[in-house]
Structures are given as C-alpha cells and as structure tokens.
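K.L.:
Starting from these lines, generate the structure:
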Amino acid sequence: MKKPYRKRYISFEIISDSKFDENSIEKSIKNSMKELFGAFGLSEANPRILSELTKENRFVLQIDHRYVQKAKVAMGYIKEINKKQVILKTLKVYGTLKKIKEVIKWVK
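P.N.:
Below is the predicted model of the structure:
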C-alpha cells in the first residue's frame, strides 16, 4: 500500500536587486525541477508556491516530503529569473502551516 502524500513547506529567499512576481518564480522552479528530474519527477513532487506566504522576494514552497532535498538541489540550479541574476537561499523546512505562521516574520 502506498503511503499518503505528506506535505513539507520550504521557505526561500531570493537574493537579487530586482523584485519578482509569484508566477515567474514558480515557472523557474518548475522548469528547473523538470530539467533535473523529468516530467514524472515534477508531477510527483507537486511544487506549489503558497500565495498567502509570499512577500517581496521571500516565499514558501509546498512540496511532497520525498522531494525536499531534490527541491533544494533544483533551487541551486536557478541562476536567473526573467533574465536577471538571482541566488535562491533556503531558509528552513517546516512540517505544518501552523508552525510557519508562528515562526515566519514576514507573514501577518
């Protein structure tokens, strides 16, 4: 029997002089993951940026628990978004949304 899908939440910060919208960030993440792990790996990982936890160049990525390390690797391969140089920095991995909302300072 297959184990149920368990979500993990990874907080990231984009180090860049520019500001980026949620769609361009998510597109870059999905392209990087698809390039590294293929379409099947991307669909299993099911990465999704949480809109309510996005502010300026900080965001939270929801992902399958089995793909946390792979997502971090994929983020390391992202060097530019919208043709602007970026560095993606992993801040922390969380297991629940409740804990994120308690800890993350940029969330109201």
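K.L.:
From the rest of the structure, what touches the helix ranked longest in the chain?
P.N.:
For the chain, the helix with the greatest residue count under DSSP state H is helix 22-45. With contact meaning Cβ atoms under 8 Å, 6 or more residues apart in numbering, helix 22-45 is reached by 14, 47-49, 51, 54, 59, 61, 63-64, 66-67, 70-71, 73-75, 77-78, 81-82. (C-beta placed from N, C-alpha, C; glycine too.)
K.L.:
The residue most central in space within the chain: what's its closest spatial neighbour, skipping adjacent residues?
P.N.:
For the chain, the residue nearest the mean C-alpha position is Leu61 (3.3 Å; Cα atoms, centre = their mean). Spatial nearest neighbour of Leu61, excluding adjacent residues (Cβ to Cβ, 6 or more residues apart in numbering): Ile10 at 4.8 Å.
K.L.:
Mind listing residues that contact the next helix or strand after the longest helix of the chain?
P.N.:
Scanning forward in sequence from helix 22-45 by DSSP states H and E, the next helix or strand is strand 48-49. For strand 48-49, contacts defined as Cβ under 8 Å, 6+ apart pick out Glu22, Ile25, Glu26, Ile29, Phe59, Val60, Leu61, Gln62, Ile63.
K.L.:
need the helices for the chain, in chain order.
P.N.:
22-45, 68-76, 97-103.
K.L.:
mean pLDDT for those helices: which is lowest?
P.N.:
Note on those: lowest mean pLDDT is at helix 97-103, with a mean of 87.
K.L.:
Contacts for that helix, please.
P.N.:
By Cβ under 8 Å, 6+ apart, the surrounding residues in contact with helix 97-103 are Tyr9, Ser11, Leu53, Val60, Lys92, Tyr94, Val107.
K.L.:
which of the residues you listed has the most neighbours?
P.N.:
Val60 (24 neighbours; other Cβ atoms under 10 Å).
K.L.:
Would you quantify the distance from that residue to Phe40?
P.N.:
24 Å (Cβ to Cβ, to the nearest Å).
K.L.:
and Thr14, what does it touch?
P.N.:
No, residue 14 isn't Thr; it's Ile. Phe20, Ile25, Asn57, Arg58, Phe59, Ile81, Val86, Ile87, Leu88, Lys89.
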